[in-house]
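Engineer: Compute the structure for the input listed below.
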Amino acid sequence: MEERAQDEARRRFLWAAASGLGAVGVCGMAVPFIKSMTPAADTEAAGIIEVDLSEVPPGELRVLPWRGRIVGILHRTPEMLKQIEGHDDKLKDPESRKNARVQAPWMKTREQRIYRSMRPEFFIADIVCTHLGCIPVFKPTPGQKDWGDTVPKWWPGGWHCPCHGSYFDLAGRVFKGSPAPDNLYMVPHRYVSDTRVVIGETEEG
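Structural biologist: Numbers count the residues shown, from 1 in each chain. Reported below is the predicted structural model:
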C-alpha cells in the first residue's frame, strides 16, 4: 500500500511538472501545443512505454513520465524543420558529438545528428534542462511575436528555461551563452511500425 502511494505521489509530481503547475525545480511549460499522455501503470513500472504517434498531431508536443524523467514527443511540421536550420554557429554542439547522453546509436548521418531523430518529423528526448534539472518552457514560434521580450529577437523557436536562461532549439540543441552545458539528452527508443514507437528500448533490445 505504501509503495502504491509513493508511486501515485511520483505520478502527480511528474504531471504537475509536465503541465507547468508548479513544483520544485520546475519552470513550467507553455500551454499551447502541449498535451499529456498517460502510459499504462505496468509498462511505466517496467520502464518500457509504447506510444501511438498517430495521437500526436503535427505541431504538438506530448509529454509523459519515464523512469523518473519527462519525455517529450514533438511532431515537427515542415516549417518547424526549417526553423532548425541556419543557426549552427550559435550552438555549443550543433552535431551532438559532445558526450554519449546527447547521442544515439542510430546517429549515422549529419542530418540525423542535426535533427536528432530517426524520422525528422518526430523528436523524442528527455526535456529536462541539462543545467540544473528544471523543465524548460516550450516556445515553438520564432521571433518575439508571441513571446515578447521573454525571448531574444533572433529566437528560432524551441525551449527556453527562464530559471537560469538556457535556450534550446527545436532539435533540443543548446545555444551558446546558456548555462546548460549540453543538448537535451536522448532517450532510447525504437520504431515498431510507422505509427508506433517503444521508449526504453533500442533496436538491439
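Engineer: pLDDT below threshold where in this protein?
Structural biologist: Confidence mapping of the chain against pLDDT under 70 gives the ranges 1-46, 203-205.
Engineer: can you map out the helices along it?
Structural biologist: Applying DSSP state H to the chain gives helices spanning 2-19, 41-46, 78-83, 110-115.
Engineer: got a list of contacts for the third one?
Structural biologist: Applying CB atoms under 8 Å, 6 or more residues apart in numbering, the contact partners of helix 78-83 are 59, 74, 115, 120-121, 140, 142, 156-158, 169-170. For the C-beta atoms, the positions are set from N, CA and C on the backbone; glycine is no exception.
Engineer: now do 7 Å
Structural biologist: Contact with helix 78-83 is made by 120, 140, 142, 156-157, 170, as judged by CB atoms under 7 Å, 6 or more residues apart in numbering.
Engineer: Any buried residues in it, and which?
Structural biologist: Going by neighbour count (16 or more other CB atoms under 10 Å), the buried part of helix 78-83 is 80-81, 83.
Engineer: Put the alpha carbons of that helix into CSV.
Structural biologist: Only the C-alpha atoms of helix 78-83 are listed here, as CSV (Å, rounded to 0.1, in the frame of the first residue of the first chain):
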residue,chain,number,x,y,z
PRO,A,78,7.9,21.2,-42.3
GLU,A,79,8.0,24.7,-41.1
MET,A,80,9.5,23.6,-37.7
LEU,A,81,12.2,21.6,-39.5
LYS,A,82,13.2,24.7,-41.4
GLN,A,83,13.5,26.6,-38.0
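Engineer: mind checking how far it is from the chain centre?
Structural biologist: Here helix 78-83 is found 16 Å from its chain centre; the criterion is CA atoms, centre = their mean, to the nearest Å.
Engineer: I'd like the numbering to begin with 12 instead of 1 from here.
Structural biologist: New numbering, starting at 12: the last item is helix 89-94.
Engineer: Cys172 against Val139, yeah?
Structural biologist: No: using CB atoms under 7 Å, Cys172 is not in contact with Val139; the gap is 9.6 Å.
Engineer: okay, and the common contacts of those two?
Structural biologist: Contacts common to Cys172 and Val139, judged by CB under 7 Å, 6+ apart, are absent.
Engineer: Let me have the buried residues of helix 89-94 in JSON lines, extended by distance to Val209.
Structural biologist: Below are these laid out as JSON lines (distance: CB to CB, whole Å):
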{"residue": "Met91", "distance to Val209": "24"}
{"residue": "Leu92", "distance to Val209": "24"}
{"residue": "Gln94", "distance to Val209": "28"}
